[in-house]
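**Q** Only the shape, not the letters, is given here:
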């Protein structure tokens, strides 16, 4: 065994050094970084991206090596508390509510903190940790996500650490599932299966999913499994799995009309029906007359109240302010227009593309999500991960550039008043738009 390891290290000396450096940087990121230390955060992030590019360049055909390396990078975070996001406090809070048969869509933490302390372990610590913004709103996490939170609370018990480990293992297993079915889907679409490493080894994916416990990874596992099932013509099971993806995060709802031309009208209606019935069944355990109003109210906040790392919105807002518009009124008007524009974009990409194969459907998904993100008032770094996955099924790579540049938005968290730096956001979006336009021009020149 020692001889084989020694021989491997000699043959892969540079790659081994890259892996060792990556582990050191991930360890530093996980255990020795405060999100207020922006220069350190930025340096570590960009160093990890450089190592990521070089590692794939040297070892892109070495499947087992890169798979093991990707798992090791994730395991570095196993014993740490998320340091870039406080959302996990709300995950654990909602999980204990579900485990105790209390509907998380009916009670805000502010309303029940005084009465629930004996039911939820570490209730006051979770309440303080989630922050005042989360504490005053009803839960916005869909039902399957809530059931996972509940299972996490049951397995983790009274220990916050135990709950964190269970969530990490869940997200890690989801990423392995994305790797497995992503490679299969790439093969079925006549693309190189090695492209999956642009997702699997991406530092944003590792840090924001396994590190900071965002459940986009679980959503993407169900999404990519659904796409794989469609590629082998098992569309009924694909519809069930797609409903599971939607019931983790609502984003895949955007893409449902895009299947209309792919399946045709008759099969599409059956596909949508299976998704609808499965989604309703998942929501059923949480349904009460108050549920719809509370959930809709919480979701609508993302369109009309919150703003972070916005692109087009910031440009229009700054222009409107020059004409004496009031920001708190402008965002509410903008929030009403954005859903209508999003629907228009989805309709255009449903009927305009001439091709109607699965490759085109995935490409249309990428463009719809890109335009939606460009228009959004709120774009947290982990939202970009969906684009990274979609991009590997196309010839475009601007999403990978965005996954690196988006770390500039974390400057906001280093400020006591959470004030955004417009110069840094300008650099981020100049990089993204610049590379995107370059790729569009290069793509058109090849035709």
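**A** Received it, and whenever you're ready, just let me know what you need. The structure displayed is predicted, hence computed values, not measured ones. Numbering: from 1, shown residues only.
**Q** Please count neighbours and contacts with C-alpha atoms only from this point.
**A** Will do.
**Q** Can you get me a residue count around residue 191?
**A** 16 (other CA atoms under 10 Å).
**Q** again with residue 83
**A** Here the count is done by other CA under 10 Å, and residue 83 has 18 residues near it.
**Q** That one and residue 28, how far apart?
**A** 11 Å (CA to CA, to the nearest Å).
**Q** which residues of the stretch 251-400 of the chain fall in helices?
**A** For the stretch 251-400 of the chain, applying DSSP state H, counting those that start in this stretch gives helices covering 260-263, 265-283, 291-304, 312-322, 327-351, 358-375, 384-391, 398-405.
**Q** what comes into contact with the shortest one?
**A** So the one you mean is helix 260-263. With CA atoms under 8 Å, 6 or more residues apart in numbering as the test, helix 260-263 has contacts from 268, 350, 351, 356, 357, 358, 361.
**Q** Lowest-confidence one in the residues you listed?
**A** Across the contacts of helix 260-263, the bottom pLDDT score, 81, is held by residue 356.
**Q** Make CSV out of the contacts of helix 260-263 and add distance to residue 164.
**A** Below are those laid out as CSV (distance: CA to CA, whole Å):
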residue, distance to residue 164
268, 39
350, 40
351, 44
356, 42
357, 41
358, 37
361, 36
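**Q** Please report how far residue 75 lies from residue 307.
**A** Look at residue 75 and residue 307: by CA to CA, they are 33 Å apart.
**Q** Same question for residue 241.
**A** For residue 241 relative to residue 307 (CA to CA), the value is 32 Å.
**Q** Please say which of these two ends up with more neighbours.
**A** Taking other CA under 10 Å, residue 241 and residue 307 do not tie; residue 241 has more neighbours (25 against 18).
**Q** got a pLDDT number for the nearest residue to residue 129 once chain neighbours are set aside?
**A** Nearest residue to residue 129, sequence neighbours excluded (CA to CA, 6 or more residues apart in numbering): residue 89, at 5.9 Å. According to the prediction, residue 89 has pLDDT 94.
**Q** Residue 89: neighbour count?
**A** Neighbour number of residue 89 under other CA under 10 Å is 23.
**Q** Same question for residue 59.
**A** 14.
**Q** Could you do the one 3 residues further on as well?
**A** Here the count is done by other CA under 10 Å, and residue 62 has 11 residues near it.
**Q** Any idea which of the helices of the stretch 251-400 of the chain gets closest to residue 182?
**A** helix 384-391 (8.8 Å; CA to CA).
**Q** Tell me how far stretch 98-117 lies from the chain's centre.
**A** Centroid separation between stretch 98-117 and its chain, computed with CA atoms, centre = their mean, to the nearest Å, is 26 Å.
**Q** Need the residues that contact it.
**A** 94, 97, 119, 123-124, 127, 135-140, 146-147, 149-151, 153-154, 286, 290-291, 294-295.
**Q** hmm, which of the residues you listed are the buried ones?
**A** Buried members of the contacts of stretch 98-117, counted by 16 or more other CA atoms under 10 Å: 94, 97, 123, 127, 135, 137-140, 146-147, 149-151, 153-154, 286, 291, 294-295.
**Q** Where does residue 49 fall, secondary structure wise?
**A** helix 38-59 (DSSP states H and E).
**Q** quick one: buried residues of the longest helix seen in the chain?
**A** In the chain, with assignment by DSSP state H, the single longest helix is helix 160-188. Across helix 160-188, burial judged by 16+ other CA under 10 Å covers 160, 162-186.
**Q** so what secondary structure elements neighbour that helix?
**A** Applying 3 or more CA pairs under 8 Å, 6 or more residues apart in numbering; DSSP states H and E, one finds that helix 160-188 contacts helix 87-99, helix 143-156, helix 197-200, helix 216-231.
**Q** want to try JSON lines for those, with distance to residue 328 as columns?
**A** JSON lines is the format used below for the helices and strands packed on helix 160-188 (distance: least, CA to CA, whole Å):
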{"stretch": "helix 87-99", "distance to residue 328": "25"}
{"stretch": "helix 143-156", "distance to residue 328": "31"}
{"stretch": "helix 197-200", "distance to residue 328": "37"}
{"stretch": "helix 216-231", "distance to residue 328": "29"}
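**Q** Of all those, which one comes closest to residue 342?
**A** Once the helices and strands packed on helix 160-188 are compared by CA to CA, helix 216-231 is nearest, at 20.4 Å.
**Q** now the angle between helix 160-188 and the closest one, please.
**A** Here helix 216-231 points in a direction 30 degrees away from that of helix 160-188 (axes from the mean of the first three to the mean of the last three CA atoms, to 10 degrees).
**Q** Pull up the gap between residue 392 and residue 40, please.
**A** On the measure of CA to CA, residue 392 and residue 40 end up 30 Å apart.
**Q** ok, the two, which is more surrounded?
**A** Using other CA under 10 Å, the more surrounded residue of residue 392 and residue 40 is residue 392, with 26 against 15.
**Q** do you know how far the closest residue to the more buried one other than its chain neighbours is from residue 45?
**A** Once flanking residues are discounted, residue 392 sits nearest to residue 195: 6.0 Å by CA to CA, 6+ apart. To residue 45, residue 195 is 21 Å away according to CA to CA.
**Q** Repeat that for residue 361.
**A** 32 Å.
**Q** next one: residue 284
**A** In terms of CA to CA, residue 284 sits 42 Å off from residue 45.
**Q** my read: residue 409 touches residue 427, true?
**A** No - the pair residue 409 / residue 427 is not scored as a contact, 10.2 Å apart, by CA atoms under 8 Å.
**Q** Show me what secondary structure element comes after the helix or strand of the chain with the lowest mean pLDDT.
**A** When each helix and strand of the chain is scored by mean pLDDT, DSSP states H and E, helix 2-11 comes last, with a mean of 66. Note on helix 2-11: by DSSP H and E, the next helix or strand toward the C-terminus is helix 13-31.
**Q** Please enumerate residues in contact with that following helix?
**A** The contact list for helix 13-31, computed with CA under 8 Å, 6+ apart, reads 9, 41, 44, 47-48, 51, 54-55, 58-59, 69, 73, 76-77, 80, 82-83, 211.
**Q** Stretch 45-62 too?
**A** Stretch 45-62 is contacted from outside by 15, 18-19, 22, 25-26, 65-66, 194, 197-198, 201-203, 404, 407, using CA under 8 Å, 6+ apart.
**Q** among the helices and strands packed on helix 160-188, which is nearest residue 131?
**A** helix 87-99 (8.8 Å).
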